[in-house]
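Asks: Quick one: sequence and predicted model below, then my questions.
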Amino acid sequence: MRRSNSQSAREFAGFALPGLFLYGLLVLVPIGWTVVLGFTDRNRFAAATHWVGLEQFQRLFGDDQFWLVLKNTFVVTAIVVVVPNVLGLAIALLLDRNTLLYRLLRSLFFTPVILSGIVVSVIWQSMLRPGGVLNRFFGAVGWLSDPGIALYSISGILCWQMLGFCVVVYLAGLNGVPRELYEAAIVDGAGWWRRFGSVTWPMIASAVTINTVMLLISGFKVYEHILVLTNGGPGRNTTASIAFDVIEKGVRGDRIGFAAAEATVMLAIIVALSGVVLQVLRRREVHL
Amino acid sequence: MRSRLTVTLAALLTVALAGCTQGGKSASGGPSGSAGGTVELTMLTFETPNLPAALWDSAIARVEQKVPGVKIKKLVTPNVDRTTYAKQLASSGQLPDIMIAVNPQGFAEGGQLAEFSQDDLKDFADPASGAIKGKIYQLPTNAQPQSLLYYNKDDFAKAKIAAPPKTWTEFLADCAKLKAVGITPIAVGGGGQDTFASMYTWVGTVGTDVYLTDPDFSKEITSGSKTFDDPSFVKATDKVAQLAKLGYLDKQGTSRSYADHEKAFRAGSAAMYPMGSWFATSADNDKPKFGVGVFAWPSDDGKAVVPNLTGGGLSVSAKAENVDLAKKFALEWTRDKETSDAFTKADGTFNTIKGYQPPADMGPLFKETLAIYNQAVKDATVTPALSIEQGDNGLPADMTVPVQQIAVELLNGKSDAKAAVTKLNKEYASLK
Amino acid sequence: MRTLRPIGAVALAALFFFPVYVVVTGMLKPVKDIQSSPLGLPTPPTTANLDAVLGREDGLYWSALLNSVQITVLSVVALTLLSAMLAHYLVRSTARWTRPALLMLLAGLMIPPAVILQPITQVLGAAGLMNSVIGVVCANVAYYLPFGVFVFAGFIGGVPVEMEEAASIDGASRFRLFWQVVFPTLRPAAASVMIFLGVWVWNDFLTPLIVLGPESGTTVTVGVYRSVGEYSTDFGTLYAFSFLASLPVLLFFVALQKQFVAGLTAGAVK
């Protein structure tokens, strides 16, 4: 196709520009802005802002609290990536029948996925508080008051919310496995585990990828659940995630420069993670 | 299928756009037109079970009448943390024109608030309270003791405690008696978003052991002449740690939201409830099944200490469309007897405007609380309240959340005094 | 085994669904029953909690609903159109910069809002769009654009280019070509983009909380957050508000369940 310059400029302006403009202005510029702020001493109430080089980063890495929130974030992310993936697959295998009952159950499992984090947190807080429903069965467990438990309670709630997503994706993956492959395996005398390992598992590989990417993103940016359930406590930052801490310091607090440095580190981790994710996605593309 | 999708889409769009134009006026926001000689000013309020929307609406309507030319647009914070929300708004250039009970620290130094003159403040009993570099940016409208020890009279009777303790030793002995008969001595809070409710025990012991002898402690911290390692502060902190260690605190409470905390005490979860004076009116308005008494924090040598914050009034943005009118509104709000009565009844505050008398029909617990406060004023045992006091005499605003969270660690026994003060020093150092 | 599977599946689902049961039955009970018998059925059910939310004096629920509908509809429509066009341009263009541009967009898929929120308010403030529905829509469009482009690009890649070329030989302009020939073939992708973004935008918390500010009211999701402080222990009302805030999105789900699953799984079974 040969086009005149003005025509292609018009096409660019019509098709690509509006989206790219908004994306640039409200995503790329803010990212750059955050990174730049990380090298300053910007404080909400200070009259002047100074360039301080790497000072904020040095303070950040010397701050126990930063390592604590980073550790919390990784704990939550790891749990959220592993648990719904495993349970989701198990439940998908259980529900892999195409009758009304199983379709209905699938919808039940999916419901929490479409609820907002705020609503989910409100529901669980009402059940986990002292005197709430759950403590009627388990005695007085400090679900949200014991610093050794609270982070796992929050992770568990996230798992509950994301489980249905994994179930549905795995069901679709299972649906795509040709029957003949199973039949052939049965003829070969393969048991359930062999069939799962040699037929099912390779065929649902892309479902695993989708779920893992999705869970990674949701786990890493967890914010609302913490806000409503524990506000970062009980105790100093025992459940605060890095996203929570960035907002606590930069949006709710005054130390914008420091928070920007922390956000920049968060960004670097995200870039590294997406690099890995993209690599995996690409390899799979070649694979299929 | 295709046409149906298009039709649905078109319909939805129309609704959305129609809504937009309809809501356009309110959506335009900002300091909008001063048509007809009236100025529209925004006022940031907050809602709690004690201070519902209707109470604010009627007060605003009443004071509007007294300040001609002002039309108030009420804004509501998404939770009780006004100061944080005001910061969020300020950071995007939306600081409301008038705010109530927002800690002026930071805003004032940053030149974002209008200063009240000596003349404006001539009717206030404590006109220098909450000053920032000697100037007042928030009307010191109310005295509000926080905290006092409210107690369950039935529980005290069961444990054969004849009268409230006068000294710290007696207090510990009474806790032991309560525990011996199977009653949790002290209720604590601080769960969910309401981390602030974790403070009220520590506020008490820091009142008796630090501020009573050294009311300038916070100032000394900020000037660097003292640290949290100060022996008196360590001792006060250790008192809370000991209460936790002895099993006198209801640890589970640290996951209760503030309102749930009060509800639990009303349901008999513990014998004592360290809380601000607003609980007095709450208990008067809706009596628990048991009798409630109140006493001040007992010091080692038998003084009755009342940690208190005088402040909580209105502030005015320096960029309000009409600062003078906004200030006038703020002062009229404070002088309006009906509004003061409404807040006294709802929130148990003591208005400090000269000549103000609370309504005669206030309940018994409020009167008891007021009497304790007045006695403490006479005895000079009113102290600042840790993490709650503001201005020149307060810690930096960014210390508030760390202090509250470290308080929870004391309450649930995960931290001792030494660890807590080390953490505080570290947090403080990281702010600079 | 034959009977074990349905029994096991139902039991598991019941356990899983328990919190939702607590909410739905709880909102139909008087508050004291929520405390005393959280598991019991509401007999007889009461609508007092729902009435309390719907009949609030300040009309919080209804104004929030209007905001949520406006924001969601405008965001989703704008996103669908802009991301379809952008994806088409990037996939079909031969220019060298489109590949890095696509990668740049993909990287945006994982950016947490916390990282960019503060500067976004500055940009929107400078544009005079803070405190407005349009401001939230702009922020949403920018933030979710990568997802839309990602889905559409994958889909367009699978549509043969010959069809477009044939039409362009007929002399149709690129715009007409896109709307009349290309876009109709993208309908399945458009459905999944609209469904996903619809749910996400509806449930968004931080952006409307900060960008919409207090003057333009709230969305229903922020409204739930606000009522946590206000109702606190009145779980009946809190449940009712949560339910009413989620109701539109639940209905949306029930109505479009098939497309939901299809959209979710388009990638799962390549």
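Replies: Yep, that arrived. Bear in mind that the values here come from a model prediction, so they are computed numbers and not experimental data.

Asks: centroid residue for the chain?
Replies: Since no chain was named, I'll use chain A. The centre of chain A sits closest to residue A:218, judged by Cα atoms, centre = their mean, with a distance of 1.5 Å.

Asks: I was thinking of chain C, sorry if that wasn't clear
Replies: Against the mean C-alpha coordinate of chain C, by Cα atoms, centre = their mean, the closest residue is residue C:199 at 2.1 Å.

Asks: residue contacts, the closest residue to that residue other than its chain neighbours?
Replies: Of all residues not flanking residue C:199 in the chain, residue A:114 sits nearest, at 5.1 Å (Cβ to Cβ, 6 or more residues apart in numbering or on different chains). The C-beta positions use only the backbone N, C-alpha and C, and glycine is treated the same way. Residues in contact with residue A:114 (Cβ atoms under 8 Å, 6 or more residues apart in numbering or on different chains) are C:199, C:203, C:246, C:249-250, C:253.

Asks: and residue A:114, how far is that from chain B?
Replies: Plainly put, residue A:114 is 19 Å away from chain B if you go by Cβ to the nearest Cβ, to the nearest Å.

Asks: before we move on, the earlier item: so the residue nearest to the centre of chain C sits in a helix?
Replies: Yes. Using DSSP: H, G, I helix; E, B strand; the rest coil, the assignment for residue C:199 is a helix.

Asks: For the stretch 301-432 of chain B, which segments are assigned as strands?
Replies: Counting by DSSP state E, counting those that start in this stretch, the segments of the stretch 301-432 of chain B that form strands are B:304-311, B:314-316, B:350-351, B:382-383.

Asks: The first one pairs with which strands, parallel or anti?
Replies: The one in question is strand B:304-311. Note on strand B:304-311: by DSSP bridges, its sheet partners are strand B:142-145 (antiparallel), strand B:297-298 (antiparallel), strand B:382-383 (parallel).

Asks: Can you mark which positions in that strand are buried?
Replies: Counting neighbours by 16 or more other Cβ atoms under 10 Å in any protein chain shown, one finds that the buried residues in strand B:304-311 are B:304-311.

Asks: Repeat that for stretch A:214-226.
Replies: For stretch A:214-226, a neighbour-count test (16+ other Cβ under 10 Å) marks A:214-226 as buried.

Asks: Give me the subset of those residues that also touch chain C.
Replies: Among these, the residues lying close to chain C (Cβ under 8 Å from any Cβ of the partner chain) are A:217, A:220-221, A:223-224.

Asks: contacting residues for the residue nearest to the centre of chain A?
Replies: Counting by Cβ under 8 Å, 6+ apart, residue A:218 touches A:80, A:158, A:162.

Asks: Which single one of the ones next to chain C among the buried residues of stretch A:214-226 is nearest to residue B:393?
Replies: Proximity of these to residue B:393 (Cβ to Cβ) peaks at residue A:223, which lies at 34.2 Å.

Asks: Excluding covalently adjacent residues, which one is nearest to the closest one?
Replies: residue A:243 (4.6 Å).

Asks: shouldn't that neighbour be in contact with residue A:222?
Replies: Yes. Between residue A:243 and residue A:222 there is a contact under Cβ atoms under 8 Å: 6.5 Å.

Asks: Report the set of residues contacting both of the two.
Replies: Taking Cβ under 8 Å, 6+ apart as the contact rule, residue A:243 and residue A:222 both touch residue A:73.
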